[in-house]
Structure formats: structure tokens, C-alpha cells
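**Q** next one to model:
(2 chains)
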There are 2 protein chains.
Amino acid sequence: EGNITQGQSKAASCVACHGANGKAVNPIYPNLAGQNEAYLELAMHAYKKGERSAGQAGVMQAFTSSLSDEDISDLAAYYASLTPLK
Amino acid sequence: EGNITQGQSKAASCVACHGANGKAVNPIYPNLAGQNEAYLELAMHAYKKGERSAGQAGVMQAFTSSLSDEDISDLAAYYASLTPLK
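**A** You can find the predicted model right below:
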């Protein structure tokens, strides 16, 4: 189980695309606010392992390459905790 | 630009996992309600082309293999139109 507060502190690189509140700044990026924690973890691990290649997957692989399992858990917990915005 | 009404009529296979209202039935699946239309299109095309391999990507490749570009646009418009739920 990730730590929400730790996740927020680790999200500095994420906000450029996914927004300060988890609402993406461009519709080609996904909103993350309120997404399911387990799915967010799965997606970050997939990007890190090179298991996604479309869209911004290259950027996501670069960003996730430096994340530990704990970092990924914390980030997932943080974004899952946010209220989804339309 | 997809057609929301058409998208709803084409979503019968999606609801088993992503929920009748776009709220996933299991946290390993993503919520789709209120997600960005452009990102949803990108993701479906990626699954269809085999550009994602983690998690349920095999299932998603199977489901998207029979979708036309228009089907994908309509489904993306439909899910983007729904109110996100936490």
C-alpha cells in the first residue's frame, strides 16, 4: 500500500503533463485523479518495463526508469486519492 | 469526433470490466468515465496494434481487434462524456 503524502512529494515530474490536480493539461494524456491505485501501479510498471510503446510511452519509460517499486506505489496511492475532475 | 450515442450502443462488451457507468468493477482495470477522448482513442488503437502487453492487454487486443476507427472514436466519445466517479 502506497503512502499518499510521499506520493505527492514524488509527483513533481508528473504534473507537467498530468496536471497539478491529476487533470491532464492536454487531452492526449490521461487524467489520473481518482484512477484505481492497482491500475496506476500496473501501468507504471508496464511503462518501466517497456511493455507499452504507443503515444508518450517513451517519455513514460524514461520517467519511470528511475522509480522504485515503493515510489510507484506511493505515486499510485496519491493519484488514486485525488477527486476526479471532468 | 466520435458519436456518444453510437458509442454507448457499442459498449456492451466493455461494461463487464469497465462497469456500466465507466467505473471499473475491479481496481486492476481503469475507470473510463470522464477520461480524455483523445487518450482513450490512443489507448484503444495501441491495444489493437499490440503496442501494449502488460496486465489485461491480451484481452484488450482481442476486443479491439474487431473495432473500426469509427467504433473506437464513438467509444472514446461515449466514455469521455460520462461523469467520473471515485
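**Q** the residue nearest to residue A:47 when sequence neighbours are not counted: what secondary structure?
**A** Nearest residue to residue A:47 in three dimensions, chain neighbours excluded: residue A:60, at 3.9 Å (Cβ to Cβ, 6 or more residues apart in numbering or on different chains). C-betas here are computed from N, CA, C, even on glycine. Under DSSP: H, G, I helix; E, B strand; the rest coil, the three-state class of residue A:60 is helix.
**Q** list the residues that contact residue A:60.
**A** A:44, A:47, A:52 (Cβ atoms under 8 Å, 6 or more residues apart in numbering or on different chains).
**Q** out of these, who's nearest residue B:72?
**A** Minimum distance to residue B:72 across these is 17.4 Å, recorded for residue A:52 (Cβ to Cβ).
**Q** just to check, that closest one is in contact with residue B:52?
**A** Yes. With contact defined as Cβ atoms under 8 Å, residue A:52 reaches residue B:52; the gap is 4.9 Å.
**Q** joint contacts of those two?
**A** A:46, B:46.
**Q** surely residue A:32 is in contact with residue A:25?
**A** No. Here residue A:32 does not reach residue A:25: they are 11.6 Å apart, not a contact under Cβ under 8 Å.
**Q** got the contact list for stretch A:75-84?
**A** Residues contacting stretch A:75-84 (Cβ under 8 Å, 6+ apart): A:1-8, A:10-11, A:14, A:18, A:21-22, A:31-38, A:40-41, A:44, A:67, B:31, B:33-34, B:84-86.
**Q** generate a PyMOL selection restricted to the buried subset of those.
**A** PyMOL command restricting these to the buried ones, with burial defined by 16 or more other Cβ atoms under 10 Å in any protein chain shown:
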select buried, (chain A and resi 2+4+6+7+8+10+11+14+18+22+31+32+33+34+35+36+37+38+40+41+44+67) or (chain B and resi 31+33+34+84)
